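[1] Fold the following, please.
(2 chains)
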Amino acid sequence: MNRFSQKSTNQFYVFIILVLLSITILVLDHRYKKATQIRSTINDFVVYPIERLSNLPKLFIEEAIKESNDIENLEEKLSLLRKENLDLKIKLQELESLKGENIRLRKISKESSILSKKQTIVKVINTSASPTKKIILIDKGKKHGIFVGQNVIGTSGLVGQIIEANSLSSKVILITEPTHDTPGQINRTGQKVIVSGSGDKEKLIINYANINSDILVGDEVSTSGIANRFKPKIPIGIITKVGDNLDAEFKEVEIQPFEYPEKMPELILIWDYMPKEDNNE
Amino acid sequence: MNKFFAILLSLIFSVILTISTFPLGSFSPDWTQLFLIYWILAVPLSIGLFSSWIIGLILDVVLGTTLGINALMYTTISYLVFKIHHIVRYITIFQQSIVIIAILVIKITFILWIDSILNMSNYNFSLYWSCLSSALCWPLVFYSLRAIRRKYNISE
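    The predicted structure follows:
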């Protein structure tokens, strides 16, 4: 099977060649970002099937749990959903009239009316797709038009953005990842803040809020649209704690996010916002 | 051919184990490395350096690291293990676990070193815990793979 390891000297040369090859790829990928094609090829042909395979036992268990749910429980759920649906329908009617009014007003103020709402619902395949980072795997990819940088939301707020798009699956980095920062603003005052992840899935933090700034517990935080990374006005979370240490240089602010993507089976991708490519890395 | 498929399937299984132990974070054992070390120890001519390199590249994609880090380390570790397999295959499991710790400490030191050179901060020092958990899992890997090897009669 292997002709590479027959002689010791031969093996040594192979070793040196492979080390040099690895370093070349390393430099190509890191410095010039040229290895994306290799990465997505390997992903499509090798890793994606394995990931799907590894997901099978979990699917079976979930299916079994679903099967064992008794009918009463389901009926109760059904009635609840019916009620919710009715409420939503009523709200939708109000919204329709508001939408018309909004378009009219926008026409008056000579602004373009961007109200098209193409959305894609995606399934989460793996809720932890990296050993060190908060990254999840979803079941749609380049084939469905998904692109790197696309905003990912849940039903009530921001979840994250796409960082890697392969042909049949993509990876989403969550806003709770400590190395990920989101440009945000406080809805009440309009103050711009940088929201960072803390690694804890129920906590986001604002590291650099001035000690004099007007931030109160209960304020809602949403995306500001600065840096063109995220669409403006997507809700992020609600402020749960504001540190009152007057000696510190910055206020300690903690935010509870609206979304817990680790628990959600489905996420939403939005299409009406294209992040502008910039090279600030 | 039988031998080839048994080894291939076991390696695919190790990747599945790696993916499903992601939630453990830095404590998750380095399954593929353990499987690879076992096959090199047991059947030295079964896995060459080039195959190790390919496996490393696949692991890079699975783990989402910069392409090449794991390829480099898997090649290096395979070469190292191949050089010392005459000694390691004849010592007890407990002693082998200690050798595994030593090998993985070398591997992780190199990974952290490359990581800091490239200034990526993909990893931190807690990654060293995986040496310990891998060494603890080594007897499990060893006995189960030996059972497979004996059942399918894989030898040189």
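
[2] I figured A:Glu266 hits A:Gln119, correct?
    No. The pair A:Glu266 / A:Gln119 is not scored as a contact, 11.4 Å apart, by CB atoms under 8 Å. In short, each C-beta sits where N, CA and C put it, glycine included.

[3] What count of nearby residues applies to the closest residue to B:Ile101 other than its chain neighbours?
    Distance criterion CB to CB, 6 or more residues apart in numbering or on different chains; nearest residue to B:Ile101, sequence neighbours excluded, is B:Ala135 at 4.7 Å. Counted with other CB atoms under 10 Å in any protein chain shown, the neighbours of B:Ala135 add up to 22.

[4] got a pLDDT number for B:Ala135?
    Looking at B:Ala135, its pLDDT is 92.

[5] so which strand or helix has it?
    Element membership for B:Ala135 (DSSP states H and E) is helix B:129-151.

[6] Surely A:Thr189 touches A:Asp214?
    Yes. At 5.4 Å, A:Thr189 counts as touching A:Asp214 under the criterion of CB under 8 Å.

[7] what residues are up against the residue most central in space within chain B?
    The C-alpha lying nearest the average C-alpha coordinate of chain B belongs to B:Gln33 (CA atoms, centre = their mean; 0.6 Å). B:Gln33 is in contact with B:74, B:77, B:104, B:107, B:134, counting by CB atoms under 8 Å, 6 or more residues apart in numbering or on different chains.

[8] go again using 10 Å as the cut-off
    If a contact means CB atoms under 10 Å, 6 or more residues apart in numbering or on different chains, then B:Gln33 has B:14, B:18, B:52, B:55-56, B:59, B:70, B:73-74, B:77-78, B:81, B:100, B:103-104, B:107, B:130, B:134, B:141 as its contacts.

[9] roughly how far apart are it and chain A?
    Separation of B:Gln33 from chain A (CB to the nearest CB, to the nearest Å): 13 Å.

[10] tell me the angle whichever strand or helix holds that residue makes with helix B:129-151.
    Assessed by DSSP H and E, B:Gln33 sits inside helix B:31-42. Per axes from the mean of the first three to the mean of the last three CA atoms, to 10 degrees, the angle that helix B:31-42 makes with helix B:129-151 is 50 degrees.

[11] Return the distance of helix B:31-42 from the chain's centre.
    Chain-centre distance of helix B:31-42: 5 Å, with CA atoms, centre = their mean, to the nearest Å.

[12] how about that helix: buried residues?
    B:31-42 (16 or more other CB atoms under 10 Å in any protein chain shown).

[13] And for stretch A:19-31?
    Using 16+ other CB under 10 Å as the test for burial, stretch A:19-31 gives A:19, A:21-22, A:25-26, A:28-30.

[14] and for that stretch, what are the contacting residues?
    With CB under 10 Å, 6+ apart as the contact definition, stretch A:19-31 has outside contacts at A:34-36, A:38-39, B:49-50, B:53, B:56-57, B:60, B:65-76, B:79, B:114, B:117-120.

[15] Which members of those are classed as buried?
    A:35, A:38-39, B:49-50, B:53, B:56-57, B:60, B:65-76, B:79, B:114, B:118.

[16] if we can go back for a sec, would you mind giving the buried residues of helix B:31-42 as JSON lines with pLDDT added?
    Shown next, in JSON lines, are those (pLDDT from 0 to 100):
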{"residue": "B:Trp31", "pLDDT": "92"}
{"residue": "B:Thr32", "pLDDT": "92"}
{"residue": "B:Gln33", "pLDDT": "93"}
{"residue": "B:Leu34", "pLDDT": "93"}
{"residue": "B:Phe35", "pLDDT": "93"}
{"residue": "B:Leu36", "pLDDT": "92"}
{"residue": "B:Ile37", "pLDDT": "92"}
{"residue": "B:Tyr38", "pLDDT": "92"}
{"residue": "B:Trp39", "pLDDT": "91"}
{"residue": "B:Ile40", "pLDDT": "90"}
{"residue": "B:Leu41", "pLDDT": "89"}
{"residue": "B:Ala42", "pLDDT": "87"}
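
[17] tell me which of these is nearest to chain A?
    B:Ile40 (9.4 Å; CB to the nearest CB).

[18] quick one on the thing from earlier: just the ones of the buried ones among the contacts of stretch A:19-31 in strands?
    Counting by DSSP state E, the buried ones among the contacts of stretch A:19-31 place none of their members in strands.

[19] Restricted to helices, list these.
    Residues of the buried ones among the contacts of stretch A:19-31 located in helices (DSSP state H): A:38-39, B:49-50, B:53, B:56-57, B:60, B:69-76, B:79, B:114.

[20] Give me the phi and psi for the residue nearest the centre of chain A.
    With distances taken as CA atoms, centre = their mean, A:Gly160 lies nearest the centre of chain A, 2.2 Å away. Main-chain torsions, A:Gly160, degrees, to the nearest 10: phi 170, psi -160.

[21] again, but for A:Gly197
    Reported as degrees, to the nearest 10, the phi and psi values for A:Gly197 are phi -80, psi 160.

[22] Then A:Lys203?
    A:Lys203 adopts backbone torsions of phi -150, psi 130, taken as degrees, to the nearest 10.

[23] So what's the residue count around it?
    Quick note: A:Lys203 (other CB under 10 Å) scores 16 neighbours.

[24] List the residues that contact it.
    For A:Lys203, the contacting residues are A:176, A:197, A:237, A:240-241, A:254-257, by CB under 10 Å, 6+ apart.

[25] Can you turn the buried part of these into a PyMOL selection?
    Remark: buried members of those, expressed as a PyMOL selection using 16+ other CB under 10 Å:
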select buried, chain A and resi 176+197+237+254+255+257
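
[26] Just the contacts of A:Lys203: which are in helices?
    Using DSSP H, none of these sit in helices.

[27] Redo the contacts of A:Lys203 as TSV? Include pLDDT and distance to chain B.
    Below are the contacts of A:Lys203 laid out as TSV (pLDDT from 0 to 100; distance: CB to the nearest CB, whole Å):
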residue	pLDDT	distance to chain B
A:Thr176	88	14
A:Gly197	87	14
A:Gly237	89	23
A:Thr240	89	25
A:Lys241	86	25
A:Glu254	89	22
A:Ile255	90	23
A:Gln256	89	22
A:Pro257	88	19
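
[28] pLDDT weak spots in chain B?
    B:1, B:156 (pLDDT under 70).

[29] quick one: which helix or strand includes A:Ile205?
    Following DSSP H and E, one finds A:Ile205 within strand A:204-210.

[30] wait, does that strand contact chain B?
    No. Counting by CB under 10 Å from any CB of the partner chain, chain B is not contacted by strand A:204-210; separation bottoms out at 16.2 Å.
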